[in-house]
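K.L.:
build me a structure from this.
(one chain, ligands or ions: 1)
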Amino acid sequence: VARTRPPGHPVVALTIAGSDPSGGAGIQADLKTFAALGGYGCAVLTGLTAQSTTGVTRVLPVPGDVVTAQLETLFADVAVDAVKIGMTTDAVVARAIAAVLRDLRSAGPAPYVVLDPVMVSTSGHRLLEADAEAVLRDELLPLADLVTPNLPEAAVLLGVEPARDATEAADQARALLKLGARLALVKGGHLDSAESVDHLAGPDGVVALAAPRIATRNTHGTGCTLSSACAVVRPLHDGWEPAVRAAKDYLTETLRAADDLVIGGTGTALGP
Ligand code: PLP
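P.N.:
From the prediction side, this is the model:
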């Protein structure tokens, strides 16, 4: 059972991520998730994308020193309970985030940190430059309480082939802990199975978390939504496992509701 907070003291959740103007992924999805789950949302932008519901056409990184300034200015004023890191865009931005989070950790009690190691959009556009993958693995992953890769992202982080079944996914979740994350949730959405089974590895072993697979074409932004939900509900639960279960239940609900949504495919083409 989730705890509640006194009036006027919602969970303060921060997303450090990129913008998706179409509102399905990125900081837009994160802020909607925080609000839907009763949190107060803050957002530090790492990059802009030009994007519709069908794909990404451009990515522009925010300069590293501007990411640092956003984070330092915010943390100097606001006590953030939980952080979700999404698209980090390039190596300079990823390093800037890691440096501020390290400083924050050495200064006292630090917020919970969920790292969604976003690399490539479902439509196939790079959201993280290739040379930043090592920075994500070596600098950000060791700062994460929970890392939430899908199967292709777990494979890149580990330098192996993507898992082909639940056993391999569980092994990869375990292997991610050796890279420094305290817990790893390897998401099974890409596996061809009747249920969507994620594997959560932590100090006490691996648990399989199953949810019904929802047949909908509106899955854009599911990774963003799940990692944000994990972050914002964590302060209300005793431990990560119940928090991740609650976040997964929320995602299942949103996927069910999303199938009725008709967004996209009805716009106006501009220009020649
Ligand atoms: N755009 C931004 C800014 C994102 O952070 C992400 C995912 O994390 C995406 C797009 C990709 O979303 P999807 O792969 O669900 O289409």
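K.L.:
report pLDDT for T122.
P.N.:
pLDDT, T122: 88.
K.L.:
give me the secondary structure label for the closest residue to it other than its chain neighbours.
P.N.:
Excluding its sequence neighbours, the residue lying closest to T122 (CB to CB, 6 or more residues apart in numbering) is H220, at 6.4 Å. Using the backbone N, CA and C atoms, a C-beta is placed for each residue, glycine as well. Secondary structure for H220, judged by DSSP: H, G, I helix; E, B strand; the rest coil, is coil.
K.L.:
neighbouring contacts of the longest helix along the chain?
P.N.:
The single longest helix within the chain, with elements called by DSSP state H, is helix 240-258. With contacts defined as CB atoms under 8 Å, 6 or more residues apart in numbering, helix 240-258 is touched by 2, 33, 36-37, 145-146, 183, 185, 198, 200, 202, 207, 209, 211-212, 214, 216, 218-219, 222, 225-226, 229-230, 233-234, 236-237.
K.L.:
what's the ChimeraX line that selects buried ones from those?
P.N.:
To isolate the buried subset of the contacts of helix 240-258 in ChimeraX, counting by 16 or more other CB atoms under 10 Å, use the following:
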select :33,37,145,146,183,185,198,200,202,207,209,211,214,218,222,225,226,229,230,233,234,236,237
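K.L.:
for P149, which residues are in contact?
P.N.:
P149 neighbours (CB under 8 Å, 6+ apart): D116, P117, L157, L176, A184, L185, V186, K187.
K.L.:
quick one: what helix or strand has the residue lying closest to A110 once chain neighbours are set aside in it?
P.N.:
The spatially closest residue to A110, leaving aside those adjacent along the chain, is L104, at 5.3 Å (CB to CB, 6+ apart). Using DSSP states H and E, L104 falls within helix 91-107.
K.L.:
quick one, strands of the chain?
P.N.:
Under the criterion DSSP state E, the chain contains strands at 12-19, 40-51, 56-61, 82-85, 112-115, 146-147, 183-186, 195-202, 205-212.
K.L.:
can you check which of those gets nearest to G264?
P.N.:
Nearest of the strands of the chain to G264, taken as CB to CB: strand 40-51 at 10.8 Å.
K.L.:
does the ligand sit close to the closest one?
P.N.:
Yes: contact of strand 40-51 with the ligand (CB under 6 Å from any ligand atom) involves T49, Q51.
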